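Participant: got a sequence here, can you build the structure:
(one chain, ligands or ions: 1)
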Amino acid sequence: MINMIRVKVVKDREFKGDVMSELEKASQEFKRQFGVGFEISEISEWNSGGISFRFLDLFPFRQRFLNMLFGHLMRDLKRKVKVNGEIVVGFTGKVGSQHKKTFGLADSNYVLIGICQRPYSHVIIHEVGHVFGADDRPDSSVMSSQGFSYTYDFSLQDREIITRSLLRSPKES
Ligand SMILES: [Zn+2]
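Facilitator: As a prediction, the model looks like this:
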């Protein structure tokens, strides 16, 4: 069992605002449920590629467009931010700020967060849950996806999956 989950935090140039308090809140909530918190590295800059869509809210079909844009940004993040066992949490300001929701995506060890409306620590937790194998369950009100509301607590099933995954992780000092 690992003592801490090492998290590398990056922000792109367009992202304004402080993310540390939300990350710390997410860490506390994760620790409450799984006994393991985040060891958060210094925030570094991620020079995210592509153009920015600050007025995304004005777009028709914005959900589909947002998915596309996030897919692109995720590939950019994975290409540019290399890690050695850490989880990467990247924040982007490229996708607007007027949108009502915070949007998250997870892919292997990488988490991407955009359009942040505080509080969004539950979105961070949700996506980190995916990194450890938790699934989106539309039939459950607990683990939710876009279109549903995010909550702090994982379903029993996801708790088991995450716990098993944490036990498998290599021991770190
Ligand atoms: Zn999800």
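
Participant: near Glu14, how many other residues are there?
Facilitator: 17 (other C-beta atoms under 10 Å). (Each C-beta comes from the backbone N, C-alpha and C, glycine too.)

Participant: pretty sure it is touching Gly90, no?
Facilitator: No: Glu14 is not in contact with Gly90 according to C-beta atoms under 8 Å; the separation is 11.9 Å.

Participant: mutual contacts of those two, please.
Facilitator: Taking C-beta atoms under 8 Å, 6 or more residues apart in numbering as the contact rule, Glu14 and Gly90 both touch Ser48.

Participant: leaving out the residues flanking it, which one is nearest to Lys80?
Facilitator: In space, and not counting its chain neighbours, Lys80 is closest to Trp46: 6.3 Å by C-beta to C-beta, 6 or more residues apart in numbering.

Participant: residues touching that neighbour, list them.
Facilitator: Contacts of Trp46 by C-beta under 8 Å, 6+ apart are 10-12, 77, 80-81, 90.

Participant: and Tyr110, how far from the ion?
Facilitator: Counting by C-beta to the ion, to the nearest Å, the gap from Tyr110 to the ion is 14 Å.

Participant: show me the contacts for that residue.
Facilitator: 74, 77-78, 81, 87-88, 90, 131.

Participant: where does the chain have its least confident helix or strand?
Facilitator: Lowest mean confidence among the helices and strands of the chain (mean pLDDT, DSSP states H and E): helix 62-80, at a mean of 88.

Participant: who does it touch, helix- and strand-wise?
Facilitator: strand 87-92, strand 103-107, strand 110-114 (3 or more C-beta pairs under 8 Å, 6 or more residues apart in numbering; DSSP states H and E).
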